[in-house]
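Asks: Next comes the sequence, and after it the predicted model I'd like to discuss.
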Amino acid sequence: MAKVKFASLGEHIGIASVRNVINYCMKEGRVLACNTFLPCAAEEFLAIQRYFGYDTTAETSIFHLVIAFSYEECFTSEKAIAMLPKIVGAIAFDHQIIAGVHSLTHSGRNNKHIHVAINPVGFRNGAVFPTDYRALGNIRKHAYDVLHEFRNYDCV
């Protein structure tokens, strides 16, 4: 079964952390989704946060969502690309996102997974991305529902 989790929730503060998460999401060069200008994405994330009065020195400056598929699920890059808007669009509609698909795990196994960088502050109205346990549980449930819809049992 796939895993959906937020990596290091609450630990990413400041421009260096924002750049690190964005660069990691784009590490393998396969950007799936982006609604910001990549060359200055980190600066854009923080500019929106400052515009709406979010304290970029004390509060989380970026969220890092990871969706990892088990080897048995046989998710392809194409399937990941198709499902990503359904997952991220529903949970971060008004937030800047950058998402990339990765093929290898840290142990070198060939498992597809998606990394998503999310600006915690919405660009339309400054709404802060929900991070309480109930909201995170709802995000996971939504992601699992989409994963179930895209699951492929025809792999060998």
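Replies: Arrived safely, thanks for sending. Computed from a prediction, not measured in an experiment: that's the story for all the values here. Residues are numbered from 1 along each chain as shown.
Asks: could you pull out the strands for the chain?
Replies: Here the chain has its strands, by DSSP state E, at 3-7, 31-34, 63-68, 97-104, 110-118.
Asks: If I average pLDDT within each of those, which one is lowest?
Replies: Per-stretch mean pLDDT for these is lowest at strand 31-34 (a mean of 72).
Asks: Partner strands of that strand and their direction?
Replies: strand 97-104 (antiparallel) (DSSP bridges).
Asks: Can you check what angle separates the strand it pairs with from strand 110-118?
Replies: With axes from the mean of the first three to the mean of the last three CA atoms, to 10 degrees applied, the angle from strand 97-104 to strand 110-118 works out at 160 degrees.
Asks: So which bits of strand 97-104 are buried?
Replies: The neighbour-count check on strand 97-104 (16 or more other CB atoms under 10 Å) flags 97-102 as buried. Placement of C-beta: from N, CA and C, glycine included.
Asks: Out of those residues, which is nearest to Tyr133?
Replies: Ile97 (22.0 Å; CB to CB).
Asks: so the closest one touches Ile114, yeah?
Replies: No. Assessed by CB atoms under 8 Å, Ile97 is found out of contact with Ile114, at 11.0 Å.
Asks: What is the neighbour count of Lys141?
Replies: 11 (other CB atoms under 10 Å).
Asks: For Ala90, which non-adjacent residue is closest in space?
Replies: His142 (5.8 Å; CB to CB, 6 or more residues apart in numbering).
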